[in-house]
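A.B. asks: What would the 3D arrangement of this be:
(chains A and B)
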Number of protein chains: 2
Amino acid sequence: MTSFDIKDAGVLLAKELEKKRFGEAPENLYEPLRYILSLGGKRLRPALTLLGCYVFDEDYKKAMEPAIGVEVFHNFTLMHDDIMDEAPLRRGHTTVHEKWNANIGILSGDVMFVKAYEHIMKVEDSILRSAMELFNKCAQEVCEGQQFDMDFEERDEVGEEEYINMIRLKTAVLVGFALRLGALIGGATDEQSAVIEEFGVNVGLGFQLNDDILDVYADQAKFGKQVGGDIISNKKTLMLIQALKQAEGKDAEELQYWLHKTDFDKAEKVKAVTAIYDRLGIKQMATDRANQYFDKGFSALDRLDLTEDKKQLLKEFGVYLQNRDH
Amino acid sequence: MTSFDIKDAGVLLAKELEKKRFGEAPENLYEPLRYILSLGGKRLRPALTLLGCYVFDEDYKKAMEPAIGVEVFHNFTLMHDDIMDEAPLRRGHTTVHEKWNANIGILSGDVMFVKAYEHIMKVEDSILRSAMELFNKCAQEVCEGQQFDMDFEERDEVGEEEYINMIRLKTAVLVGFALRLGALIGGATDEQSAVIEEFGVNVGLGFQLNDDILDVYADQAKFGKQVGGDIISNKKTLMLIQALKQAEGKDAEELQYWLHKTDFDKAEKVKAVTAIYDRLGIKQMATDRANQYFDKGFSALDRLDLTEDKKQLLKEFGVYLQNRDH
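C.D. replies: Prediction:
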C-alpha cells in the first residue's frame, strides 16, 4: 500500500500545474492566468480532490486533471474578487487588475472559468453529469456567497446565521465539492460522496472561522495578510457580530466609536478593538464555534464505508486545518 | 409535418425564458441577470439552436433548455463586455454596471456563465461530453476574440486577416456552436454537425461584416445603436483597414486627420469619414466580402444529408441575415 502523503501530492500537483499553458494567444488573456497560478498558495482544495479520490481508490493520479480544474476555479474567484475588493496584493504580489488592468482581470478570469470546466470534465463518462451538476451548484453558491459578502459591507447589521450562511457559500461549499469530486472519481457511491462533502463543508466552515480568528490574532511574521485587516475594514465577521451583541457600557461605546470613526490610525484601532475582543472573550467563543464545526465534520466520518486508516487520513487533514496558525 | 417557423420558435423561447428565475437570493446577483435578459434582442442564437435541431429532428422543443443556455451565455458576454467598454446603454436601456455597479456586473455575469452551462447540459447523456467540449471551446474562443478586440484598440495597425480572425472568435464561433449544438440534439452525426457549424461560422462572419457596414450606413431611425459609432471610436474594422490601405493623396491625408483629431464634432467626423469610404467604394468592397462568407456558408449546405426543404430553411435564415437593414 502506498500511503497518501498530502505534501507529495501537492508537489506533484504543482508540477503538473506548472506544465500547463492553458492557451497561447492573445497573451493578455493567458499571461494573467499563468501569473496568478504561479503565485503559489497552499493548494489545499486540489489536494482535497486527490485525497478524496485516494481514500476510495489509491490510484489518486486519475484525479489530477480535475484537481487542477478545482485550483483554476479557486484562482478565478480570487482574480474577480480582487477586482471587486480593489485589492492591491495577492499572496504578497501585485494583483492582476493592478499589474494589467481591470478589464484584463475580468476577461482572464472568465477564460479561467472555462478552463476550470474543461479540467473538471476530465472524468469517466459514468460520473460526468454528476460532476458537472455538483460543480455548477458549487460555482453558483460561491457567486452567491461573494454577493452576500459585498451586500453585508453596505449593511449596519448582519445576523450570526447570515454570516455563517455567507461563509458556507463563499468558502465551505468549495471545500466540500473538492472532496466530493475526488470521491466520485475514486468510485464512491453518490451517498458516500455526499457524506464526504458534508465532512468538507463543516471543516470548511471551521477553516474560515479560524481564518477570521487569525486575521485578528495571528503572528504578523507568519501571516500572509495584514493582521487586523478585518477590524480596519469593519468586516462583520462572527467575532464582530458577537462583540456587538455582548458588549455593554464602556466597551459598547468604545466599539461604536471605532466602528464609526472614519479617520483613524490603523494600528491604534486594531489594538483597541482587539482589547475589547479580549475583554469579552471573543477569541475563545469563536474558537469554540470553529471547533463545533470541525467536530461535526469529524463525526460525519463515522458514516463512511472506509477502513480506519483512510478515515484517519481525512481526520488528520481536518486537524491540520484546525491547528494552523498562519 | 409541422413547418418550422423561426418567429414562432422565437416566441416560444421568449416565453420559456420569461418563466425562469435562475435563482433567488441574493437579489443583487439575480436581478441584473433577469434584467439583461428582459431587454429583448433578436434571440438569433437560441433560435439557431432550435433550427439546428429541427432540421435533423422536427421535435425541436427538446433543444429548448440548451437554447436558453446559449442565450444566457450570449447575454453574459454582453454584460461583461459592457463593463469593459464602459457602455452606458444596451438595447436602449441602462447597462447593468450603470444601473447597479461594475462589481455586481462582474459577479452577476459570472453566475450567468454557470447558468449557461447548467442549461446547455440539459441534453442526452450520449452527447453530453461533446456538447460540453464544444461549448468550452466556443466560450474560450469568445474570450480570446474579446481580448483581441481590446488589444486592437491600443494598436495603430491591424491586419485584415487579424480582424477577420477576431470577429470569427468574438462573434462567428458562437453562431456556429448554437447551430451545431441543436444539430447534435437533433441526432446529427458528429461529422454532419461539423458541417452545420461551418455553415454557421461563415454566416456569422458575414453577419458581423454586415453589422460593420450597418454601423456606418444604417438608417438611424431603424438602427438600435448610434450610426457612425465605429467611425467615432476609430474602430479598426475591415472597412477602416481597407480605407487606410486604398486611400491616396488628399483622401489619405483627410483620413489621418480625422483618426488623430482628439477634439471633434461627432457628426462632422462621421460625415467626413463616410464620404471618404464612399469615394473609395468601401461599402461595396465590404458587402462583397460579407457575401463571400455567406456564399461559403451556403455551399457547405450541399454536404448535409438533409432533404432540400430543410436545407432551404437554413439557407433562408442565412439570407435573412444577409439582407437585414438594421
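A.B. asks: interface residues of the stretch 151-300 of chain A facing chain B?
C.D. replies: A:Asp151 (CB under 8 Å from any CB of the partner chain). In short, each C-beta sits where N, CA and C put it, glycine included.
A.B. asks: Strands along the stretch 1-150 of chain A, start to end?
C.D. replies: Along the stretch 1-150 of chain A, the stretches classed as strands by DSSP state E, counting those that start in this stretch are A:89-90, A:93-94.
A.B. asks: winner for burial among those?
C.D. replies: strand A:89-90 (a mean of 18; mean count of other CB atoms under 10 Å in any protein chain shown).
A.B. asks: Now do the domain split for chain A, please.
C.D. replies: Using automatic domain parsing, the domain parsing of chain A gives A:1-170, A:189-326.
A.B. asks: winner for burial among these?
C.D. replies: domain A:1-170 (a mean of 19).
A.B. asks: In the stretch 151-300 of chain A, which residue sits closest to chain B?
C.D. replies: Nearest residue of the stretch 151-300 of chain A to chain B: A:Asp151, at 5.5 Å (CB to the nearest CB).
A.B. asks: residue contacts, that residue?
C.D. replies: A:Asp151 sits next to B:26, B:28 when contact means CB atoms under 8 Å, 6 or more residues apart in numbering or on different chains.
A.B. asks: Check whether it sits in a helix, strand or coil.
C.D. replies: Put simply, A:Asp151 is helix when judged by DSSP: H, G, I helix; E, B strand; the rest coil.
A.B. asks: how about A:Phe4, what does it touch?
C.D. replies: Applying CB under 8 Å, 6+ apart, we find A:Phe4 in contact with A:50-51, A:54-55, A:58, A:60, A:313.
A.B. asks: how about a cut-off of 10 Å?
C.D. replies: A:47, A:50-51, A:53-55, A:58, A:60, A:309-310, A:313, A:316-317 (CB atoms under 10 Å, 6 or more residues apart in numbering or on different chains).
A.B. asks: In those residues, find the pair that's most separated.
C.D. replies: Within the contacts of A:Phe4, two members stand farthest from each other by CB to CB: A:Ala47 and A:Asp309, at 18.1 Å.
A.B. asks: got the domains of chain A as a markdown table, with mean pLDDT columns?
C.D. replies: Output for the domains of chain A, formatted as a markdown table (pLDDT from 0 to 100):
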| stretch | mean pLDDT |
| --- | --- |
| domain A:1-170 | 95 |
| domain A:189-326 | 96 |
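A.B. asks: Distance to B:Arg289 added to those domains, as JSON lines?
C.D. replies: Below are the domains of chain A laid out as JSON lines (distance: least, CB to CB, whole Å):
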{"stretch": "domain A:1-170", "distance to B:Arg289": "24"}
{"stretch": "domain A:189-326", "distance to B:Arg289": "54"}
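A.B. asks: I'd assumed A:Ala178 was in contact with A:Leu184.
C.D. replies: No. A:Leu184 is beyond contact range of A:Ala178, at 11.3 Å (criterion: CB atoms under 10 Å).
A.B. asks: Any chance you could list residues touching both of these two?
C.D. replies: Common neighbours of A:Leu184 and A:Ala178 (CB under 10 Å, 6+ apart) are A:49, A:52, A:63, A:66, A:197.
A.B. asks: which one of those is nearest chain B?
C.D. replies: Nearest to chain B, judged by CB to the nearest CB, of the shared contacts of A:Leu184 and A:Ala178 is A:Pro66 at 13.5 Å.
A.B. asks: residues touching that closest one, list them.
C.D. replies: Residues near A:Pro66 by CB under 10 Å, 6+ apart: A:46, A:49-50, A:53, A:116, A:119-123, A:131, A:135, A:178, A:181-182, A:184-185.
A.B. asks: ok, back up a step: nearest to B:Gln256, of the strands of the stretch 1-150 of chain A?
C.D. replies: Closest to B:Gln256 of these is strand A:93-94 (CB to CB; 37.6 Å).
A.B. asks: Strand partners (parallel or antiparallel) of that closest one?
C.D. replies: If you go by DSSP bridges, strand A:93-94 pairs up with strand A:89-90 (antiparallel).
A.B. asks: Might you calculate how far the partner strand sits from the centre of the chain?
C.D. replies: 16 Å (CA atoms, centre = their mean, to the nearest Å).
A.B. asks: now stretch A:199-218
C.D. replies: The answer for stretch A:199-218 is 9 Å, by CA atoms, centre = their mean.
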